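1. Quick check, what structure comes out for this input:
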Amino acid sequence: MENIDAFILAGGASRRMGTDKSELRIEGQSLLQLVAAALTEVADTVTIVGRKTADSRLQSIADVYPQWGALGGVHAALSACSAAWALIVACDMPHVTEELFSRLISLRGNSEAVAPIQPDGRPQPLCSLYRVEPCKTRAEKLIQSGERKPLTLLQSVRTRWVTFAELGDLDGVDRFFANMNTPEDYSQAQTKGAGPNKVN
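-> From the prediction side, this is the model:
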């Protein structure tokens, strides 16, 4: 089994939220801690991209291309990854689980990326698995061409698209891709609680 390093993208401007999303708390834990708790179960290391963290258990790296959005964060993760695969997740998805990541990992096969499809039919590039060598090279070329969308990267490599139905038996599946962009999203997440990622 090829090694996997995990990366949490936390460098966004959080304009709609109005504050740093990564440090928002649900039941006493930051979004960063909740995502990291799930990733630690499946990856050799967990690194924060785009923002320093006070958590001594986590490493942090800066973007190679600052202000380049999500594709810039994905590229930074791939550039820093020493494993064959990088599991890359946005910091504002606090309901992701070890079981979700294990399912994605199990579907790698001969692909160059593994990406889930949300209930609305859209792919989710910021909760995906990337084979480092082909994806890093392609991401660099896309950025040089002016591209900013990570979905374009997934469309440019051999991606295993994981339908939502293939995740349907997992606990919490309806909340996996519920990210928090606005104060209203945050309020709703606080009401529902942190879910299975809560650290005791």
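2. residue with max distance from the center of this structure?
-> residue 145 (23.7 Å; C-alpha atoms, centre = their mean).
3. Check the gap between that one and residue 156 for me.
-> Noted for residue 145: a distance of 11 Å to residue 156, by C-beta to C-beta, to the nearest Å. Placement of C-beta: from N, CA and C, glycine included.
4. re the thing from before, for the residue farthest from the centre of the chain, grab phi and psi.
-> According to degrees, to the nearest 10, the main-chain angles of residue 145 amount to phi -90, psi -10.
5. got it, and residue 150?
-> phi -70, psi -20.
6. Kindly state the beta-bridge partners for residue 29.
-> residue 26 (DSSP bridges).
7. And the pLDDT at it?
-> Model confidence at residue 29, given as pLDDT, is 77.
8. from here on, count from 27
-> Renumbered: residue one is now 27, and that last one reads residue 55.
9. Please report phi then psi for residue 70.
-> phi -70, psi -40.
10. next one: residue 170
-> Note on residue 170: its backbone torsions stand at phi -60, psi -30 [degrees, to the nearest 10].
11. tally of neighbours for it?
-> Using other C-beta atoms under 10 Å, residue 170 is surrounded by 9 other residues.
12. Please work out how many residues are found near residue 163.
-> 12.
13. nope, residue 28 is what I meant
-> 10.
14. contacting residues around the residue nearest to it when sequence neighbours are not counted?
-> Spatial nearest neighbour of residue 28, excluding adjacent residues (C-beta to C-beta, 6 or more residues apart in numbering): residue 110 at 3.9 Å. With contacts defined as C-beta atoms under 8 Å, 6 or more residues apart in numbering, the neighbours of residue 110 are 28-30, 157-159.
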